[in-house]
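**Q** Quick one, fold the following:
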Amino acid sequence: MRGIHGIHASKKVMKMKVVRLLAILAILLALPGQALGEPLKIATILGPPWGFMGHDGQPTGMMYEIGNRIAEVAGLRYSNSLVPYPRTAADIENGSADVTIRFGNDQMTRGAVPAGVVVSMPIILVGPSGKHYSKLSELRGKTVGVVRTSKYVEQFDTDKAIQKYPVNDYVTMAKMLAMRRLDAGVGSSMGLFYGAYMAGVKPEDIGVPLVLGSNDFILFVSKKTAKPETTRALKEALDKLSSSGEIKQIMSKYSKSFSLPQR
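**A** Coordinates of the predicted model:
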């Protein structure tokens, strides 16, 4: 009889262990991807100099490299995809991407947690060659190229008298400026002039820039997937890379391809 009771007891213990294991598994499956050890999903802006395919057929770019280094220094496995600028915000908001580096807008405010400023860049306005603007009001009634869904500086973004013409990237904007299909273009200094470089448009073939202000490229983490320990690790990694000068070193690789015209 003792043997039978012992067998029943053993079965009961085994059953309890199985139930516990199933409960633990159910909890793990309900947690966000980071808890299961899935790679951090980085969404990088598609378009030079932020992220693009190099001559070797491999992805490269300023924000692509910076995003990778932040993940590496944070000790996280990662994947990095190049996606159109508007989709970076959508992917962060719906949780299909964990991290992106870009300017803020209303959608980023809704869907993301800012982990820190990666770099602040001048926002410039340039016209076609020979056309130099000295103040923003000169653009009222004119057509100005903007990268689709971008927010630059408030005085430009909110001026309804300026017609904004959306383009996919700065390469397209530079080509349209050179062909005089736009009265002007607005963007970050680095983005606009690197776009011109990639398009084969020389800085002297477009106008002298008017500085409108500055805007921050921010490291954003999706509210859908953000975990405090992951966000903290990413922020600490960003701080380390900023302090060491490595972010500036990465940026210099792309800025040395062109020279900004001077007033």
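**Q** Could you tell me the per-residue confidence at Tyr170?
**A** What the model reports for Tyr170 is a pLDDT of 94.
**Q** Please name the residues that touch the closest residue to it other than its chain neighbours.
**A** Distance criterion CB to CB, 6 or more residues apart in numbering; nearest residue to Tyr170, sequence neighbours excluded, is Gly195 at 2.6 Å. Placement of C-beta: from N, CA and C, glycine included. Neighbouring residues of Gly195 by CB atoms under 8 Å, 6 or more residues apart in numbering: Gly47, Pro48, Pro49, Asp169, Tyr170, Val171, Thr172, Met173, Ala174, Gly187.
**Q** Relative to Gly57, which of these is nearest.
**A** Pro48 (15.4 Å; CB to CB).
**Q** List the contacts of the closest one.
**A** Gly61, Asp169, Tyr170, Val171, Tyr194, Gly195, Tyr197, Met198.
**Q** Need the buried ones from those selected in ChimeraX.
**A** Here is the ChimeraX selection string for the buried members of the contacts of Pro48, based on 16 or more other CB atoms under 10 Å:
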select :61,169,170,171,194,195,197,198
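**Q** can you give me how far the strand or helix carrying Arg110 is from the chain middle?
**A** Using DSSP states H and E, the secondary-structure element containing Arg110 is helix 106-111. Relative to its chain's centre, helix 106-111 lies at 13 Å (CA atoms, centre = their mean, to the nearest Å).
**Q** Same question for stretch 181-198.
**A** That offset, for stretch 181-198, works out to 18 Å (CA atoms, centre = their mean).
**Q** Need the mean per-residue confidence for it.
**A** Mean predicted lDDT for stretch 181-198 stands at 93.
**Q** in it, what counts as buried?
**A** Residues of stretch 181-198 classed as buried: 182-198 (neighbour count, 16+ other CB under 10 Å).
**Q** Run through the neighbouring helices and strands of the helix holding Arg110.
**A** Applying 3 or more CB pairs under 8 Å, 6 or more residues apart in numbering; DSSP states H and E, one finds that helix 106-111 contacts helix 85-94, strand 210-222.
**Q** try 6 Å
**A** helix 85-94 (3 or more CB pairs under 6 Å, 6 or more residues apart in numbering; DSSP states H and E).
**Q** pull the CA atoms of stretch 106-121 into CSV?
**A** Extracted as CSV, the C-alpha positions of stretch 106-121 are listed here (Å, rounded to 0.1, in the frame of the first residue of the first chain):
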residue,chain,number,x,y,z
ASP,A,106,2.9,64.8,-32.4
GLN,A,107,3.0,61.1,-33.3
MET,A,108,6.3,60.6,-31.5
THR,A,109,4.9,62.3,-28.4
ARG,A,110,2.0,59.9,-28.4
GLY,A,111,3.9,56.7,-29.0
ALA,A,112,7.4,57.1,-27.7
VAL,A,113,9.6,57.8,-24.6
PRO,A,114,12.5,60.1,-25.3
ALA,A,115,15.7,58.6,-24.0
GLY,A,116,18.0,61.5,-24.8
VAL,A,117,19.3,63.9,-27.4
VAL,A,118,21.7,62.3,-29.9
VAL,A,119,22.6,65.5,-31.7
SER,A,120,21.2,69.0,-32.3
MET,A,121,21.5,70.3,-35.9
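**Q** before we move on, back to that, the residue nearest to Tyr170 - that's part of a helix, no?
**A** Yes - per DSSP: H, G, I helix; E, B strand; the rest coil, Gly195 lies within a helix segment.
**Q** tell me which element Gln155 falls in.
**A** Counting by DSSP H and E, Gln155 is part of helix 154-157.
**Q** what's the following helix or strand after that helix?
**A** Counting by DSSP H and E, the next helix or strand C-terminal to helix 154-157 is strand 163-167.
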